[in-house]
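>>> quick one: sequence plus predicted model below, questions after.
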Amino acid sequence: MSDKEDLESMCKRRGFVWQSAEIYGGGSGFYDYGHLGTKLKENWKKAWKDFFLGLDENYHLLDTTNILPYKALEASGHVDHFSDILIKCERCGSSYRGDHLIEDETGESAEWMDLEEIKSKLGELKLQCPNCGGDFMDPENFNMMFKLEIGPTGDNIGFLRPETAQGIYLNFNREYRALRKRMPMGLATIGRAYRNEISPRQGLFRQREFEQAELQIFFVPSAHKKFFKEKYDNEKKIYMRVKRPGWEETKEIDVTEMENLPEFFLYHLMKIYQFYRDIMEIKEENIRLRELSDEEKAFYNKIHFDLEIYFDTLGGWKEVDGLHYRSDYDLKKHQERSGQKMSIPTDDGRKVPHVVELSFGVDRNIWALLDKGYKTDDRNWFDLPPKLAPYTGAVFPLVRKDGLPEKSREIFEDLNEHFDMFWDKSGSIGKRYARQDEIGTPYCMTVDYDTLEENTITVREIRSGEQIRVEVKDLKKVLKNLLEGKKTFEEYMKED
RNA sequence: GCGGCUGUGGUCUAGUUGGCUAAGACUCAAGCUUCCCAAGCUUGCAUCCCGGGUUCAAAUCCCGGCAGCCGCACCA
């Protein structure tokens, strides 16, 4: 079995994630999370919110609809541009992107062309199928958005949103007023987005329905330069692994070596890097920031870095998060189409804020944790940051007699009011450790005869397999210290 | 979407020139045992992707669908 199949099998067996509607054969690009996967995902989202909303008191969380009206997505450009023009060969059935065919022939970008322009250009160039030399059928527009009919008449058209960002832009004005005419510096949302991929593969990595965690930062470059410069200057001591266009290799560089980029961008770039290094505890050798070249990035993005992780299960570097400087494109577009003012007053007159967007694929991040954490060395275990693990701890009786199960149950119930805990008495003690190892439970506590006599209990750590003995009355404090990183397990071992 | 390969208990697999009650390992559950890392014993649950066809008889052959893998294409 490949790494990917091995991991997918564990995910199904233990209750993390699997294909949606699988009793009917499933659907390509749709996945459901089981009880453990859901806990893991909830913990990730909490960690994300704590970290990014904690960056500034003026960063806020919103919750916006999955369905958006036609006009909103027309204004954002998605109705016209979030699509491919597909051309099919009438002989062999191969399909191609119209703009790519034209680009290959002419060497010039054809991405801007609409259906009619592509059609006439194709006729002009007299192109034929690169695969078999056959003639092409008429080009068709394939929009990647899921189209919906709203209400009973069928003529009110909407879409499932292709990105959560639009929900934020649409609410900018309202939030501005609700915050008593103070510009929301950051508006975040975690929610579903939908893209009708032609042929999704790679499991959780490319789905048709997926979850995004996005933080949109609003600012007026002239008015807020100082604000971000201060934030950046306070923290600019950091080395990051970066790959920029034209560089052969990923290099470890000091953030100050990129000071040709603006502070608002560098500040968030550092924060993103720290999130993966410190919160998700991904080894730095598996993280890099990659800047996209002009050809790769969308036309409205002025600066675009992706955070990439090396996935063993997918055989390469893959994007899990992007940082995009979208300029004032989004708010300007909505201002134009809606007729609503999206500008804020500054010393320099009214200005439409610019946006820098932090866009995380939640499911991709979950897969990153699974990919990087799942180990099959001398045991099968899942190495997770303790705070993200589905269960924080488990409590067992060493044997099933002499009152040990009852005592362990008592301790479990007490701890379970404060942490996500698991209790198990079936099988042998080794089996119970093994079960928790596989789902990444960081701490296992075993009630033995000494517990009955002295009220102490063993705490075993997943990574080392080592144990410490602590007083039952101190358990909560010890777990809390371990979770919050106030004290390491090694430090407790030395004291022991 | 195209081409090739594939789909068997919860998981992984055997069985596929049509033919006996579809087999094994692990898992899981109940119990026994067990003084710390998947031990052992007993008992038990559960399967041929879906639909149609051929046939006395289909997990096996044929058709359609769905899904997965590989390659192509695609991934604003």
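Right, received. Where do you want to start?

>>> interface residues of the stretch 201-350 of chain A facing RNA strand B?
Residues of the stretch 201-350 of chain A lying close to RNA strand B (C-beta under 7 Å from any atom of the strand) are A:201-203, A:206, A:298. Heads up, the C-betas are built off the backbone N, CA and C, glycines and all.

>>> in ChimeraX, how would I select the buried members of those?
Command for ChimeraX that selects the buried part of these, burial taken from 16 or more other C-beta atoms under 10 Å:
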select /A:202,203,206
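
>>> closest residue of chain A to RNA strand B?
Taking C-beta to the nearest atom of the strand, RNA strand B has its nearest neighbour within chain A at residue A:430, 2.4 Å off.

>>> where does pLDDT dip in chain A?
Judged against pLDDT under 70, the low-scoring parts of chain A cover residues A:1, A:91-94, A:108-112, A:131-133.

>>> now with 80, please.
Applying pLDDT under 80 to chain A flags residues A:1-2, A:84-141, A:496.

>>> longest helix of it?
helix A:35-53 (DSSP state H).

>>> quick one: strands adjacent to the next helix or strand after that helix?
Once helix A:35-53 ends, the next helix or strand along the chain (criterion: DSSP states H and E) is strand A:59-62. Partners of strand A:59-62 in the sheet, by DSSP bridges, are strand A:186-194 (parallel).

>>> the helix or strand that the strand it pairs with is followed by to strand A:186-194, inter-axis angle?
Using DSSP H and E, the helix or strand that follows strand A:186-194 towards the C-terminus is strand A:209-219. If you take axes from the mean of the first three to the mean of the last three C-alpha atoms, to 10 degrees, strand A:209-219 sits at 160 degrees to strand A:186-194.

>>> given strand A:209-219, what are its sheet partners and their directions?
strand A:186-194 (antiparallel), strand A:354-361 (antiparallel).

>>> return the most buried member of these.
Most buried of the strands paired with strand A:209-219 by mean neighbour count (mean count of other C-beta atoms under 10 Å) is strand A:354-361; its value is a mean of 22.

>>> just confirm residue A:412 contacts residue A:420, I think it does.
No. Counting by C-beta atoms under 8 Å, residue A:412 stays clear of residue A:420, with 11.5 Å between them.

>>> between the two, who's got more neighbours?
Per other C-beta atoms under 10 Å, whichever of residue A:412 and residue A:420 has more neighbours is residue A:412, with 20 against 16.

>>> could you measure from that one over to residue A:314?
38 Å (C-beta to C-beta, to the nearest Å).

>>> residue A:116 too?
To residue A:314, residue A:116 is 39 Å away according to C-beta to C-beta.

>>> what about those two, which has more around it?
Set side by side, residue A:116 and residue A:314 show more neighbours around residue A:314, with 19 against 9, by other C-beta under 10 Å.

>>> what about that one, distance to residue A:276?
17 Å.

>>> how about residue A:417?
For residue A:417, the distance to residue A:276 - C-beta to C-beta - is 32 Å.

>>> more neighbours, these two?
Between residue A:417 and residue A:276, residue A:276 has the larger neighbour count (other C-beta under 10 Å), namely 23 against 8.

>>> my read is the more buried one is in a strand, agree?
No. With DSSP: H, G, I helix; E, B strand; the rest coil as the criterion, residue A:276 is located in helix rather than a strand.

>>> check contacts around it.
Shown in contact with residue A:276 (C-beta atoms under 8 Å, 6 or more residues apart in numbering): A:282, A:287, A:307, A:309, A:320-321.

>>> at 7 Å instead, please
A:282, A:287, A:307 (C-beta atoms under 7 Å, 6 or more residues apart in numbering).

>>> which of the residues you listed tops the neighbour count?
Within the contacts of residue A:276, residue A:307 tops the neighbour count with 25 neighbours, counted by other C-beta under 10 Å.

>>> now it: which helix or strand?
Going by DSSP H and E, residue A:307 is in strand A:303-311.

>>> quick check: can you name the pairing partners of that strand and their directions?
strand A:287-291 (antiparallel), strand A:316-327 (antiparallel).

>>> tell me the most buried of these?
Buried most deeply of those, by mean count of other C-beta under 10 Å, is strand A:287-291, with a mean of 22.

>>> return the distance of that one from the chain's centre.
Counting by C-alpha atoms, centre = their mean, to the nearest Å, strand A:287-291 is centred 15 Å from the centre of its parent chain.

>>> need the max-distance pair from the residues of the stretch 201-350 of chain A next to RNA strand B.
Maximum pairwise distance among these (C-beta to C-beta): 25.3 Å, between A:203 and A:298.

>>> for residue A:166, give me phi and psi.
phi -60, psi -40 (degrees, to the nearest 10).

>>> what's around the residue nearest to it when sequence neighbours are not counted, how many residues?
Spatial nearest neighbour of residue A:166, excluding adjacent residues (C-beta to C-beta, 6 or more residues apart in numbering): residue A:76 at 5.4 Å. Using other C-beta under 10 Å, residue A:76 is surrounded by 25 other residues.

>>> same thing with residue A:286?
That count, for residue A:286 with other C-beta under 10 Å as the rule, works out to 17.

>>> correct me if wrong: it contacts residue A:310.
Yes. Counting by C-beta atoms under 7 Å, residue A:310 is a contact partner of residue A:286 at 4.5 Å.

>>> show me how chain A divides into domains.
Chain A breaks down by automatic domain parsing into domains covering A:3-76+A:148-374, A:83-143, A:391-495.

>>> CSV for those domains, including distance to residue A:383?
Shown next, in CSV, are those (distance: least, C-beta to C-beta, whole Å):
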stretch, distance to residue A:383
domain A:3-76+A:148-374, 5
domain A:83-143, 40
domain A:391-495, 6
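
>>> picking that back up, tabulate the strands paired with strand A:209-219 (a markdown table), appending distance to residue A:221.
Output for the strands paired with strand A:209-219, formatted as a markdown table (distance: least, C-beta to C-beta, whole Å):
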| stretch | distance to residue A:221 |
| --- | --- |
| strand A:186-194 | 16 |
| strand A:354-361 | 6 |
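
>>> got a markdown table for those strands, with distance to RNA strand B too?
Listed next are these as a markdown table, based on distance: least, C-beta to the nearest atom of the strand, whole Å:
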| stretch | distance to RNA strand B |
| --- | --- |
| strand A:186-194 | 9 |
| strand A:354-361 | 7 |
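
>>> how about those, which one is nearest residue A:425?
Ranking those by their distance to residue A:425 (criterion: C-beta to C-beta) puts strand A:186-194 first, at 37.2 Å.

>>> show me what that closest one is in contact with.
Taking C-beta under 7 Å, 6+ apart as the rule, strand A:186-194 contacts A:45, A:52-53, A:56, A:58-64, A:66, A:146, A:160-164, A:167-168, A:175, A:208-217, A:362.
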